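Q: 3D, please:
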Amino acid sequence: MKPAIALIACYILGAIPFGLIIGKIIKGVDIRQYGSGNIGASNVLRILGTGPALLVFVLDTAKGLVAVLICRALALNEYWTVAGALLSVFGHTFSVFLKFRGGKGVATSLGVIIGLCPLIAAVAFGLWVLIVGFTRYISLASILAAISVPIQMVFWKSMDVHPAYQILAGVAAFAIVLRHRSNIARLLSGRESKIGQKVSIQQGVGSDYDR
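A: Here you go, the predicted model:
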């Protein structure tokens, strides 16, 4: 019974569309109608600015962390905990509140890794910051940081990472890369948008942005 309750709670938690909620509260806009149409922090940054974007990033990250904490509070084993963590990410990506559409799961995945392997999460986030700083491409930073997590788990032998965590990291990284396939195409063609490019709420959804 406890695993079922935890899995449902993790999915519902992950499905809460904080980007949409913050957009409605701060500007009275549906964030899905502007910029990339995505509910994540990067689109919120383009439309609403740094403060709201940071708030969305923190809340989306918290979803993944709290999902892990819920599973541990119920004393579930590592495999059930990983299942709950994955459901929080999939809840964000395929939200029941948004007709099973959603964001790309990067921040929520970071929250999961913070809960499971804080040091690996710190390295991945540091890599993300460095790549964004040098290239100004959020999508590229997100892809490479996500890929770094399962690689770290394999090569950091001293950390003795549980095999279930490695499975989680591999699945999450694959899903993040898959969700960024249009970004990859734009990166290769030189059309990907960079951080700092603002979008007016009068512009609507644009095809050249991170979807």
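Q: from residue 64, how far off is the residue nearest the centre of the chain?
A: The residue lying closest to the centre of the chain (Cα atoms, centre = their mean) is residue 106, at 2.1 Å. Distance of residue 106 to residue 64, given as Cβ to Cβ, to the nearest Å: 10 Å. All C-beta spots, glycine's among them, are computed from the backbone N, C-alpha and C.
Q: helices or strands up against the helix or strand where residue 23 lies?
A: Element membership for residue 23 (DSSP states H and E) is helix 18-27. In terms of contacts (3 or more Cβ pairs under 8 Å, 6 or more residues apart in numbering; DSSP states H and E), helix 18-27 is packed against helix 41-48, helix 50-73.
Q: now these in TSV, with mean neighbour count?
A: Below are those laid out as TSV (neighbours: other Cβ atoms under 10 Å):
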stretch	mean neighbour count
helix 41-48	26
helix 50-73	20
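Q: least reliable of those going by mean pLDDT?
A: For these, mean pLDDT drops lowest on helix 41-48, to a mean of 90.
Q: related to what we said a few turns ago, just the angle for the helix holding residue 23 relative to helix 41-48, thanks.
A: Counting by axes from the mean of the first three to the mean of the last three Cα atoms, to 10 degrees, helix 18-27 lies at 20 degrees to helix 41-48.
Q: what is the orientation angle of helix 18-27 with helix 50-73?
A: Using the same axes, to 10 degrees: helix 18-27 against helix 50-73 is 140 degrees.
Q: kindly present the helices and strands packed on helix 18-27 as a markdown table, with separate columns for distance to residue 33.
A: Below are the helices and strands packed on helix 18-27 laid out as a markdown table (distance: least, Cβ to Cβ, whole Å):
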| stretch | distance to residue 33 |
| --- | --- |
| helix 41-48 | 9 |
| helix 50-73 | 16 |
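Q: now the helix holding residue 23: buried residues?
A: Neighbour counts over helix 18-27 (16 or more other Cβ atoms under 10 Å) mark 18, 19, 20, 22, 23, 26 as buried.
Q: contacts for it?
A: 29-32, 38-41, 43-44, 47-48, 52, 55-56, 59-60, 63, 98, 103, 201 (Cβ atoms under 8 Å, 6 or more residues apart in numbering).
Q: now the angle from the host helix or strand of residue 166 to helix 50-73?
A: According to DSSP H and E, residue 166 maps onto helix 163-179. Inter-element angle recorded for helix 163-179 and helix 50-73: 150 degrees (by the same axes, to 10 degrees).
Q: and helix 163-179, what does it pack onto?
A: Looks like helix 163-179 contacts helix 78-93, helix 106-116, helix 138-155 (3+ Cβ pairs under 8 Å, 6+ apart).
Q: avg pLDDT for stretch 112-127?
A: 96.
Q: sort out which residues of it are buried, please.
A: Applying 16+ other Cβ under 10 Å to stretch 112-127 flags 112, 113, 114, 115, 116, 117, 120, 121, 123, 124, 125, 127 as buried.
Q: okay, it in CSV with CA atoms only?
A: Written as CSV, here are the backbone C-alpha positions of stretch 112-127 (Å, rounded to 0.1, in the frame of the first residue of the first chain):
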residue,chain,number,x,y,z
VAL,A,112,16.0,14.0,-7.7
ILE,A,113,19.8,13.8,-8.0
ILE,A,114,20.2,16.3,-5.1
GLY,A,115,18.1,13.9,-3.0
LEU,A,116,20.0,10.8,-4.0
CYS,A,117,23.6,11.9,-4.7
PRO,A,118,24.1,15.6,-3.6
LEU,A,119,27.8,15.7,-4.6
ILE,A,120,27.0,14.5,-8.1
ALA,A,121,24.2,17.0,-8.4
ALA,A,122,26.5,19.8,-7.3
VAL,A,123,29.1,18.8,-10.0
ALA,A,124,26.3,18.6,-12.7
PHE,A,125,24.9,22.0,-11.7
GLY,A,126,28.4,23.5,-11.7
LEU,A,127,28.9,22.1,-15.2
